[in-house]
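Undergrad: here is a sequence together with a model predicted from it:
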Amino acid sequence: MLHGAAEAVHRSQAAGLTLGTAESLTGGMVASALASVPGASAVLRGAVVAYANDVKARLLAVDASLLAEEGSVAGRVAAQMAEGARSCLGADVAVSTTGVAGPDPHDGKPVGTVFIAVASASGTAVEEFLFTGDRAAIRREACETAVSMLTAALPGEQKPPRTSYE
C-alpha cells in the first residue's frame, strides 16, 4: 500500500469528501492503491479505466474532437477525464492519468510523457511529467504521483512519514 494512499483516504474522510479516478496508462492502479486502505469504502466512489478513446469520450465526456486533434496524451484530455470522473461517479474530487508507458511513442509523444489532473469544486489542475524507466516503472511513478497530487488537493496537513523506531 502506498503511504500517500492512506493519507488521501484519511484526509478525505476527515473532510467528508468522496474520491474517484479516471485512468488510462495506470489501468486502475490508482484506484487499487486507494482501495487497499482500510476504510476506503467510505470515500472511494469508483473508477473508470478508459484505455480506448471512444471509452474516454462515451463514459468520461472527453470531447471526441479534442481526442481526434490532440490524441489521448494531452493536458486537456487529462483535465476532461478528471472532470468526467467527478461527474459520472458523483465524486467530490477525482484524479486522472493519461500518458505513454512504452515501449513505443504514442500520439507523437515520447515514452514517459504523462499528464495527471485533479478536479474538484474549486477547479482542475493539470501537470505534465516525463518519467524514465521501463513500462512498469513509468506506470508505478505515474500512480505514485497521481496519489500524491490527489492528497495535496485535499484539506489537511501532510503527516510526516513514520520512522522505524516509532
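TA: Received the coordinates, thanks. Numbers count the residues shown, from 1 in each chain.

Undergrad: pull the contacting residues for G99.
TA: Going by Cβ atoms under 8 Å, 6 or more residues apart in numbering, G99 touches 24-25, 73, 109, 112-115, 129, 138, 142. (C-beta placed from N, C-alpha, C; glycine too.)

Undergrad: and which of the residues you listed is nearest V43?
TA: A142 (21.5 Å; Cβ to Cβ).

Undergrad: how about that closest one, secondary structure?
TA: helix (DSSP: H, G, I helix; E, B strand; the rest coil).

Undergrad: now do it against M149, distance only.
TA: 10 Å (Cβ to Cβ, to the nearest Å).

Undergrad: tally of neighbours for A15?
TA: Look at A15: counted by other Cβ atoms under 10 Å, it has 14 neighbours.

Undergrad: leaving out chain neighbours, which residue sits closest to it?
TA: P155 (4.6 Å; Cβ to Cβ, 6 or more residues apart in numbering).

Undergrad: so what's the residue count around that neighbour?
TA: 10.

Undergrad: for it, give me its contacts.
TA: P155 neighbours (Cβ under 8 Å, 6+ apart): 11, 14-15, 17.

Undergrad: now render the residues you listed as JSON lines, adding distance to V100, pLDDT and secondary structure.
TA: JSON lines is the format used below for the contacts of P155 (distance: Cβ to Cβ, whole Å; pLDDT from 0 to 100; DSSP: H, G, I helix; E, B strand; the rest coil):
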{"residue": "R11", "distance to V100": "30", "pLDDT": "97", "secondary structure": "helix"}
{"residue": "A14", "distance to V100": "36", "pLDDT": "97", "secondary structure": "helix"}
{"residue": "A15", "distance to V100": "34", "pLDDT": "97", "secondary structure": "helix"}
{"residue": "L17", "distance to V100": "31", "pLDDT": "98", "secondary structure": "coil"}
